[in-house]
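Q: requesting a structural model of the entry that follows:
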Amino acid sequence: MKNCKLFTKVLFIKFVKKNYMMKTYFISWFVALTCFSCANEKKSDTIAYESNTRAVNYNRFLDRGNRQPVDFVEAAEKSINGVVHVKNTSIVSDDFSYLDYFYGRNKSPQNRIGTGSGVIVSPDGYIITNNHVIENATKIEVTTNDNIRYEAKLVGTDPYTDIAVLKIETQKLLPYLYFGNSDNTKIGEWVLAIGNPFNLNSTVTAGIISAKSRDLNKLDRRNQSFIQTDAAVNQGNSGGALVNLNGELIGINTAITTISGGFEGYSFAVPSNIARKVFEDIIEFGTNQKGMLGVQGFAISPEFEKFINENNIKQSEGFYVSKVLENMGAYNAGIKEGDVLISVDEIKIKKFSDLTGYLESKRPGDNVKLGFFRKDSKKYLNVKLEKTKTIQFLNMTLSNLTKKEKEDLKIKSGIKIVESGELLKGQIENNSILIDVNGDSIEAVDQILQIEPENVRWITYINPNGEKIRLRF
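A: Next comes the predicted model:
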């Protein structure tokens with residue numbers, strides 16, 4: 001009996017303990033479940049709130065790969081020693097007035113100092129800079145990043161693209177920049193501008209490419225095709241380097257748009273593909289060799305809405321061919337008036353500078369693949385670029401004379417004025433012969449490309465009757 005009571009008591013204590021542990025377990029599990037449910041509810045509320053306040057195309061995973069900062073150090077280290085300071089000394093004469101003569105004041109020529117930048121593009125000392133940096137220079141000095149000064153020789157210039165080539169003589173191999181492919185640059189891509197603004201050597205600024213194929217003046221004859229960037233460029237940066245994050249040269253800094261005279265958010269660079277081609281042409285031929293399609297026309301835009309509607313043009317972008325020049329590449333390949341050019345070697349043509357900018361990197365004899373629409377049909381043709389045969393200058397259409405034409409006219413130099421154009425219509429007859437500009441003899445149309453229209457003071461020509469006439473501007 002006593003043992004039975006003891007056994008019963010033990011069973012009771014075990015039962016109570018077991019129930020207590022079970023109770024504790026269930027209470028703990030319940031608390032954990034409640035917390036988890038509340039957390040999920042709160043998270044659901046947060047997601048619901050975010051989904052109500054964010055755009056429908058929001059993706060919270062989209063920016064996970066873009067959180068690391070951009071590092072410019074490597075690109076700067078690769079580039080900075082390949083950029084030099086350029087000092088240009090020229091001689092200018094002050095205007096001499098009647099008062100100076102009356103009072104016996106004698107004004108002698110004065111030295112004028114200009115500064116800019118340049119880019120070393122070969123270890124033996126060839127340098128690319130802007131034509132306007134060294135224009136009219138009587139002496140050019142170049143200072144490298146390690147403060148060694150050299151006297152530079154002018155190899156050649158191309159005012160059309162604002163590129164000039166210098167050469168310095170040195171016994172050591174110089175650090176230089178590699179050319180990148182400017183056609184592969186993208187809008188939004190990070191770039192560095194390296195130069196010497198305000199005589200501050202080795203200045204590096206950063207920005208992005210904000211536009212491509214930018215033509216600053218659609219009314220001039222240059223058909224510029226600049227890379228536009230918001231990297232700070234100021235006076236003295238001209239001729240300096242625009243590089244990508246690999247330290248490759250993708251442009252030569254050339255111009256800014258400004259009201260105050262300083263940087264205001266936009267700067268412009270000659271694409272490296274154009275700069276490289278002009279550099280190589282100057283080294284090999286002395287002048288820029290331009291490869292021409294042989295078409296005239298305009299870029300399709302809302303400005304020509306009436307013409308577009310009247311001619312049932314369905315394309316909203318491209319280059320409308322209004323005239324095809326005989327015996328040029330486009331004519332020989334089969335391009336016709338009314339065709340709309342939409343691509344050249346897979347480069348899309350949205351505006352005229354897209355086309356001309358790409359062709360500036362090509363030479364006579366190169367072949368390009370043109371994509372175009374002829375009415376509603378999309379076609380492709382391979383076109384061989386030709387050397388310049390006719391050019392536009394002061395609204396005149398000019399062409400070279402053949403050897404026989406020069407013999408018949410009994411002249412050694414001169415070019416033909418095919419059409420006098422609107423500016424000089426009534427003053428110069430068609431088929432006259434232009435023999436000099438400002439007293440400098442003209443032998444080929446290539447020379448005209450080196451002349452700025454605003455610098456023309458007079459021209460001399462022979463009219464169809466054989467009379468020599470000088471026309472002043």
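Q: all contacts plus neighbour counts: C-alpha atoms, from now on.
A: OK.
Q: which residues of the stretch 101-250 of the chain fall in helices?
A: 131-134 (DSSP state H, counting those that start in this stretch).
Q: show me where pLDDT drops low in it?
A: Filtered on pLDDT under 70, the stretch 101-250 of the chain yields the residue ranges 101-109, 217-223.
Q: please redo it, this time with the cut-off set to 80
A: For the stretch 101-250 of the chain, the stretches with pLDDT under 80 are 101-111, 216-224.
Q: let me see the ranges of the strands in it.
A: 110-120, 126-130, 139-143, 149-151, 153-158, 163-167, 190-195, 203-214, 226-229, 241-243, 249-256 (DSSP state E, counting those that start in this stretch).
Q: what does the fourth one contact?
A: Yep, that's strand 149-151 we're talking about. Lys139, Ile140, Glu141, Val142, Thr143, Ile168, Glu169 (CA atoms under 8 Å, 6 or more residues apart in numbering).
Q: would you turn the residues you listed into TSV with neighbour count and distance to Gly239?
A: Shown next, in TSV, are these (neighbours: other CA atoms under 10 Å; distance: CA to CA, whole Å):
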residue	neighbour count	distance to Gly239
Lys139	16	17
Ile140	21	14
Glu141	16	14
Val142	25	12
Thr143	19	14
Ile168	17	16
Glu169	12	20
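Q: tell me the contacts of the residue lying closest to Ile120 once chain neighbours are set aside?
A: In space, Ile120 comes closest to Ile127 once its chain neighbours are excluded; the distance is 4.4 Å by CA to CA, 6 or more residues apart in numbering. Applying CA under 8 Å, 6+ apart to Ile127 gives the contacts Gly118, Val119, Ile120, Val121, Val165, Leu166, Lys167, Ile168.
Q: give me the number of residues near the closest residue to Tyr178 other than its chain neighbours?
A: Computed as CA to CA, 6+ apart, the closest residue to Tyr178 that is not its neighbour in sequence is Glu248, at 5.4 Å. For Glu248, the count of nearby residues is 21 (other CA atoms under 10 Å).
Q: how close does Glu248 sit to Ser361?
A: 18 Å (CA to CA, to the nearest Å).
Q: sorry, back to before: nearest to Ser238 among the contacts of strand 149-151?
A: Lowest distance from Ser238 to the contacts of strand 149-151 (CA to CA) belongs to Val142, with 14.0 Å.
Q: wait, the closest one touches Thr89, no?
A: No - taking contacts as CA atoms under 8 Å, Val142 lies outside contact range of Thr89: 11.6 Å.
Q: okay, now the domains of this protein?
A: The chain breaks down by automatic domain parsing into domains covering 72-93+111-288, 291-387, 390-472.
Q: quick check, Val383 in a strand?
A: Yes - per DSSP: H, G, I helix; E, B strand; the rest coil, Val383 lies within a strand segment.
Q: wait, isn't it in contact with Val368?
A: Yes - counting by CA under 8 Å, Val383 does reach Val368; the two are 5.4 Å apart.
Q: so those two - more neighbours on which side?
A: With neighbours defined as other CA under 10 Å, Val383 and Val368 compare such that Val383 has more, 23 against 19.
Q: nearest spatial neighbour of Thr115, skipping sequence neighbours?
A: Sequence neighbours aside, Lys87 is the residue nearest to Thr115 in space, at 4.6 Å (criterion: CA to CA, 6+ apart).
Q: that neighbour is in what secondary structure piece?
A: Per DSSP states H and E, Lys87 falls inside strand 83-92.
Q: what's that strand in contact with?
A: Here strand 83-92 has contacts from 109-120, 133-134, 136-145, 176, 194-196, 199, 201-202, 240-241, using CA under 8 Å, 6+ apart.
Q: are any of the residues you listed buried, and which?
A: Buried subset of the contacts of strand 83-92 (neighbour count, 16 or more other CA atoms under 10 Å): 114-120, 133-134, 137, 139-145, 176, 194-196, 199, 201-202, 240-241.
Q: could I have stretch 232-252 exported to PDB, CA atoms only?
A: Output of stretch 232-252 as PDB, limited to C-alpha atoms (Å, rounded to 0.1, in the frame of the first residue of the first chain):
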ATOM      1  CA  ALA A 232      35.100  71.800 -67.700                       C
ATOM      2  CA  VAL A 233      37.200  73.300 -70.500                       C
ATOM      3  CA  ASN A 234      38.500  76.900 -70.400                       C
ATOM      4  CA  GLN A 235      41.000  79.100 -72.300                       C
ATOM      5  CA  GLY A 236      44.300  77.300 -72.600                       C
ATOM      6  CA  ASN A 237      42.600  73.800 -72.800                       C
ATOM      7  CA  SER A 238      42.400  74.100 -76.600                       C
ATOM      8  CA  GLY A 239      44.400  71.400 -78.200                       C
ATOM      9  CA  GLY A 240      44.300  69.200 -75.100                       C
ATOM     10  CA  ALA A 241      43.100  65.700 -74.700                       C
ATOM     11  CA  LEU A 242      39.700  64.200 -74.200                       C
ATOM     12  CA  VAL A 243      40.200  60.600 -73.000                       C
ATOM     13  CA  ASN A 244      37.900  57.700 -71.900                       C
ATOM     14  CA  LEU A 245      38.300  55.700 -68.700                       C
ATOM     15  CA  ASN A 246      40.800  53.500 -70.400                       C
ATOM     16  CA  GLY A 247      43.100  56.500 -71.000                       C
ATOM     17  CA  GLU A 248      42.600  56.400 -74.700                       C
ATOM     18  CA  LEU A 249      42.500  59.600 -76.800                       C
ATOM     19  CA  ILE A 250      39.000  60.100 -78.100                       C
ATOM     20  CA  GLY A 251      39.000  63.800 -78.900                       C
ATOM     21  CA  ILE A 252      41.000  67.000 -79.200                       C
END
